[in-house]
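*Asks:* Sequence and predicted structure are below.
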Amino acid sequence: MTHHNFSRMIPRRLSLAITSKRAQRSIVPALLLLGMLLTAACQPVQRDPGSRVREAAQGFVDQVGSDPSSCARDFRVLEPNLTRTPQQMDLNAGYYQGVMENTGDVSFVVTGAFPNSILLSWVIYDVNGQIYSAVNDQEMTPDAGSVNPFLPGVEVLASNRSYTAFFAPEGAPVPDGISASNVLTLPPASENERIYITMRSYWPQPGFPRVGGPPPTIQAVSAADPTQPATCPGLGLGEGAFPLAPFTVPAPVAGKILFFRPPNYIVPLADGSTRADPNGCTGYAMAVLSDTDLNLIKMHKAPTFPDNQNLTESSVWANDFEVRYVGLEANGATVLGPRSDVAMNDLKQQPDGSAYLLTIPRPSDLSARQRLELLEKAKSSNWNIMMSAGEGAQIAPFLTYRNKLADASFAYSIAAIPCFGQDLGEWSEATIDYASSPENMGEYYIDGVICTIDEVLDDSCVQQLTNE
């Protein structure tokens with residue numbers, strides 16, 4: 001086992017709500033552009049007579065219209081089940097995101113509940129989509145009478161889990177009772193006419209949406225006097241709302257799949273826990289895949305992670321893991337769905353703690369018989385198998401590897417890969433010295449090889465990775 005169980009029994013109060021994890025993660029079909037979303041997608045609406053849907057929508061409009069300080073109409077719950085580059089949203093995450101005009105006159109009061117998921121983060125981005133300020137769950141203080149279920153020893157399923165956060169311009173007053181740990185600073189209005197605010201929630205507990213529960217409430221208040229409401233300065237999520245920075249992943253060795261950390265400046269709206277360094281790199285790792293042949297990737301040792309899928313009423317949080325979240329997702333010119341990712345409890349591993357991932361480009365020229373042979377090979381070998389992107393005129397297929405919130409004692413997360421930052425030149429020209437390797441990630445490094453179907457079936461492909 002490479003993940004840790006909080007407990008092996010599923011709580012009675014959740015048992016009736018449990019569904020297939022794959023069903024939970026296929027809620028809202030949305031094709032979004034870049035790290036984040038040209039088409040806004042709300043939570044799904046069940047089939048219903050048109051009149052009832054219109055009445056509900058009108059009720060929402062009336063409610064929001066009566067309170068101009070509410071930002072509910074300007075934020076969207078995003079739980080995508082489709083991906084296409086340059087969009088990089090994880091199909092195992094839920095997002096709550098809005099674009100705000102940044103006048104310098106407005107602060108934001110956020111009231112919410114810690115999600116029933118594996119992690120929570122709030123990030124505020126500047127006009128270029130770079131992280132300006134951020135906070136994650138363990139850094140946050142709960143409301144009086146509530147608990148933070150992400151702290152060691154606290155009941156993971158505790159019902160009293162509310163928090164209040166505050167986002168304000170530098171030096172603006174903060175309402176009494178809000179902990180300094182929950183206060184994020186907005187970028188200066190003189191240099192940022194707009195800002196991006198994003199909440200992320202990853203890998204929900206059974207029976208919960210990917211955002212981990214109800215979305216938070218966000219109210220605009222006067223930056224000078226937070227006791228006074230202000231009009232929410234939302235800009236909507238239309239075309240052109242988000243920065244776009246096309247990039248090419250390095251591929252310095254033919255036939256070899258190498259993972260590199262992309263620099264901050266080419267990945268707007270990336271997740272993170274600290275302000276973006278202009279010459280720094282993200283916490284992701286990316287590798288070019290073949291758009292015609294098969295790709296066999298090996299995680300030489302998978303980091304351990306917490307298991308929130310098998311909880312009981314007595315389960316308490318424990319920091320007995322190496323990273324909070326582990327996931328791999330294929331991206332490229334081809335539209336891909338849930339079969340293009342694998343993460344956490346779904347990750348099949350070898351007895352030695354390694355994990356293999358075989359990707360098949362979509363579409364491909366494989367016959368039905370060849371596909372069956374590959375599926376049988378993957379099953380008998382306990383490999384993970386997924387669809388990856390096929391040929392594209394402008395966007396080469398690639399794989400994104402995510403580690404989230406590595407434990408402070410774990411030295412071999414993605415962050416150990418050397419950073420080929422903006423000051424070093426074009427990232428696409430990065431050399432093999434900047435790829436994941438045993439030298440920088442120890443036995444936790446990740447790489448792969450491009451192979452033909454015969455090489456996969458006769459084990460000469462996997463032998464190349466075994467003999468490294």
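*Replies:* Ah, there it is. Here the structure is a predicted model, which means the values were calculated and not measured.

*Asks:* Could I get the phi/psi values of A223?
*Replies:* phi -70, psi -30 (degrees, to the nearest 10).

*Asks:* any idea how far it is from P169?
*Replies:* A223 sits 5 Å away from P169, taking Cβ to Cβ, to the nearest Å as the criterion. For the C-beta atoms, the positions are set from N, CA and C on the backbone; glycine is no exception.

*Asks:* likewise F108?
*Replies:* 11 Å.

*Asks:* Also C281?
*Replies:* Look at C281 and P169: by Cβ to Cβ, they are 28 Å apart.

*Asks:* Between the two, which has more neighbouring residues?
*Replies:* Using other Cβ atoms under 10 Å, the more surrounded residue of C281 and P169 is C281, with 27 against 18.

*Asks:* what's near enough to touch G112?
*Replies:* By Cβ atoms under 8 Å, 6 or more residues apart in numbering, the contact list for G112 reads S162, Y163, A165, M199, P215, P216, T217.

*Asks:* Can you check my assumption that it lies in a helix?
*Replies:* No. Going by DSSP: H, G, I helix; E, B strand; the rest coil, the assignment for G112 is strand, not a helix.

*Asks:* The residue lying closest to F247 once chain neighbours are set aside and T83, how far apart?
*Replies:* Spatial nearest neighbour of F247, excluding adjacent residues (Cβ to Cβ, 6 or more residues apart in numbering): I266 at 4.3 Å. Look at I266 and T83: by Cβ to Cβ, they are 18 Å apart.

*Asks:* Which one of these two is surrounded by more residues?
*Replies:* A count of neighbours by other Cβ under 10 Å puts T83 above the other of I266 and T83, at 26 against 18.

*Asks:* Now the residue nearest to F247: phi and psi?
*Replies:* Per-residue torsions, I266: phi -100, psi 0 (degrees, to the nearest 10).

*Asks:* contacting residues for it?
*Replies:* I266 neighbours (Cβ under 8 Å, 6+ apart): A245, F247, W427.

*Asks:* Spell out for me the PyMOL command that would select the buried members of those residues.
*Replies:* Restricted to buried positions by 16 or more other Cβ atoms under 10 Å, the PyMOL selection for the contacts of I266 reads:
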select buried, resi 247+427
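
*Asks:* ok, so of the contacts of I266, who is nearest K379?
*Replies:* Using Cβ to Cβ, the shortest approach to K379 within the contacts of I266 belongs to F247, at 35.3 Å.

*Asks:* Count the neighbours of D459 for me.
*Replies:* 12.

*Asks:* next one: L235
*Replies:* 16.

*Asks:* residue contacts, it?
*Replies:* D74, V99, M100, E101, R194, A241.

*Asks:* any idea how far it lies from S354?
*Replies:* Taking Cβ to Cβ, one finds L235 at 46 Å from S354.

*Asks:* what's the answer for F166, then?
*Replies:* F166 is 45 Å from S354, by Cβ to Cβ.

*Asks:* Over to T274?
*Replies:* Distance from T274 to S354, by Cβ to Cβ: 31 Å.

*Asks:* Neighbour count: the two, which is higher?
*Replies:* Neighbour comparison, T274 and S354: the larger count goes to S354, with 18 against 9 (by other Cβ under 10 Å).

*Asks:* And what about D454, helix, strand or coil?
*Replies:* helix.

*Asks:* just G442 next, same as before
*Replies:* Classification of G442 using three-state DSSP returns helix.

*Asks:* so who does it touch?
*Replies:* K301, A411, Y412, A416.

*Asks:* still on that earlier bit, state the pLDDT value of the residue nearest to F247.
*Replies:* With respect to pLDDT, I266 has a value of 92.

*Asks:* go on, the one 3 residues further on?
*Replies:* If you check L269, the pLDDT there is 92.

*Asks:* show me where pLDDT drops low in the chain?
*Replies:* Applying pLDDT under 70 to the chain picks out residues 1-65, 86-87, 239-240, 468.

*Asks:* top strand in it by residue count?
*Replies:* Looking across the chain with DSSP state E, the single longest strand is strand 194-204.

*Asks:* What is the burial count for I124?
*Replies:* 21.

*Asks:* Could you tell me which residues make contact with the closest residue to L465 other than its chain neighbours?
*Replies:* Nearest non-adjacent residue to L465, counting by Cβ to Cβ, 6+ apart: K298, 4.3 Å away. The contact partners of K298, taken as Cβ under 8 Å, 6+ apart, are S354, A355, Y356, L357, I446, D447, G448, V462, L465.
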